[in-house]
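1. Following is a predicted model, sequence given first.
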Amino acid sequence: MNVARFRLRAGGRRQLWRAEAIKRIVVDAFGPAAVHAFDRHYCLFSGRRLVAFAAVQDRIVLLDGKEAAMGLVGSVTTEKSQRGGGLGRMLMEFLIDREGEAGRRLVLNCGEKVKAFYLKTGFAQIAPKAGYERGGRIEWDDDPVLALGLPPDASYGGVFIGEDF
Ligand SMILES: CC(C)(COP(=O)(O)OP(=O)(O)OC[C@H]1O[C@@H](n2cnc3c(N)ncnc32)[C@H](O)[C@@H]1OP(=O)(O)O)[C@@H](O)C(=O)NCCC(=O)NCCS
């Protein structure tokens, strides 16, 4: 891979890198309902084109009912034509470095099929299900919850993430 043609960028709410391009890549991967506000975002550009994206929202999550301040990672995607080429990993490693420098612990909820991708970047599974508030109701999804920065033996019955994206 010619690493020189890729550029990594991190931004906050006010420093939005190419908002239209972010919207495009998120909608392509997850649909229009997935466009949401985030506290920090991470972009990988190939030339001027946004080819991978990930976002983090600061949350108080409940680990078996115990409050924990964590960065919720979401909207992780690589442009379809570029998948399988190591870009997702490159972007996640950048995100993990930056979030780690700020002393933040990370959490995410993903489908069983994608879990291997996150495990390869250093995340560990901490719970078999995630709780969300949706339309005033609490619902539990049987999807793994992964985290980075918790003790290696951290294990919970469920993690309540709060409002769904
Ligand atoms: C998941 C996704 C971001 C991975 O991005 P990518 O650029 O294709 O990933 P990479 O090429 O960097 O892969 C890194 C490693 O993870 C593995 N991997 C990638 N996607 C995977 C998947 N869906 N399931 C399992 N492993 C996966 C790769 O095989 C690779 O392993 P290797 O280094 O041992 O060969 C991308 O497939 C995507 O955008 N999917 C659709 C959106 C999505 O589901 N996002 C996750 C929401 S939780």
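-> Thanks, I have the structure now.
2. which SS class is the residue of the chain found nearest the ligand?
-> The nearest approach of the chain to the ligand comes at residue 88, 2.4 Å away (C-beta to the nearest ligand atom). Quick note: C-beta positions are derived from backbone N, CA and C, even for glycine. Secondary structure assignment for residue 88 (DSSP: H, G, I helix; E, B strand; the rest coil): helix.
3. count of neighbours near it?
-> 24 (other C-beta atoms under 10 Å).
4. For it, report the pLDDT, please.
-> Turning to residue 88, the model gives it a pLDDT of 98.
5. so what's the nearest residue to it once chain neighbours are set aside up against?
-> The shortest distance from residue 88 to any non-neighbouring residue, by C-beta to C-beta, 6 or more residues apart in numbering, is to residue 78 (4.6 Å). Contacts for residue 78 (C-beta atoms under 8 Å, 6 or more residues apart in numbering) come out as 51-52, 85, 87-88, 91.
6. May I see the ChimeraX selection of the buried members of those residues?
-> In ChimeraX syntax, the buried subset of those is picked out as below (16 or more other C-beta atoms under 10 Å):
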select :51,52,87,88,91
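7. And the contacts of residue 78, which two are furthest apart?
-> Farthest pair in these (C-beta to C-beta) is 85 and 91. Separation: 11.6 Å.
8. residue contacts, residue 42?
-> 8-11, 53-56, 91, 94-95, 98.
9. My error: substitute residue 165 in the last question.
-> Residue 165 touches 34, 36, 74-75, counting by C-beta under 8 Å, 6+ apart.
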